[in-house]
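[1] this one's structure only:
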């Protein structure tokens, strides 16, 4: 199993649609994998010099930030915070957030679970920054 995001850092304007692209490859055939997107807020006092979103994700423990499920694709179910918003998982594992909101800035973890392929990297991190009009 190999999971990756096309763009590790995405900058979006407030109220504009956002699409976070996650791709995966499964080495053996089997039932469709389960795709889950999880949101993690940025650390309260982020450090300097992060080279990758993965470093930013590990910079503070989850207990120091907001962590919530965005959506799971097995019929597509949304986390409570996202109910009523046009949030979907389309294609294989792309997360469409609809119009970006202020609270959307943070790290998004795409996790793919496959019962037929347990080897490899099953998650990837995308960073989203939502900007207002200047």
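    Structure's in. What do you need? If you're wondering where the values come from, they're calculated on a predicted model, not measured in any experiment.

[2] How many residues are close by the closest residue to residue 40 other than its chain neighbours?
    Distances taken as Cβ to Cβ, 6 or more residues apart in numbering put residue 107 closest to residue 40, at 4.4 Å, once the chain neighbours are dropped. Bear in mind the C-beta positions are built from the backbone N, C-alpha and C, glycine included. The number of residues packed near residue 107 is 21, by other Cβ atoms under 10 Å.

[3] isn't residue 107 right up against residue 37?
    No: in this structure, residue 107 is not within contact of residue 37 by Cβ atoms under 8 Å, at 10.8 Å.

[4] what residues are up against the spatially most central residue of the chain?
    For the chain, the residue nearest the mean C-alpha position is residue 108 (2.7 Å; Cα atoms, centre = their mean). Counting by Cβ atoms under 8 Å, 6 or more residues apart in numbering, residue 108 touches 20, 37, 38, 39, 40, 70, 95, 125, 126, 127, 128.

[5] Tell me, how many residues neighbour residue 128?
    21.

[6] With the flanking residues excluded, which residue is spatially nearest to it?
    Closest to residue 128 by Cβ to Cβ, 6+ apart is residue 10, at 5.1 Å.

[7] thought that neighbour was touching residue 131?
    No: if you go by Cβ under 8 Å, residue 10 and residue 131 don't touch, sitting 11.0 Å apart.

[8] Fine, thanks again, bye for now.
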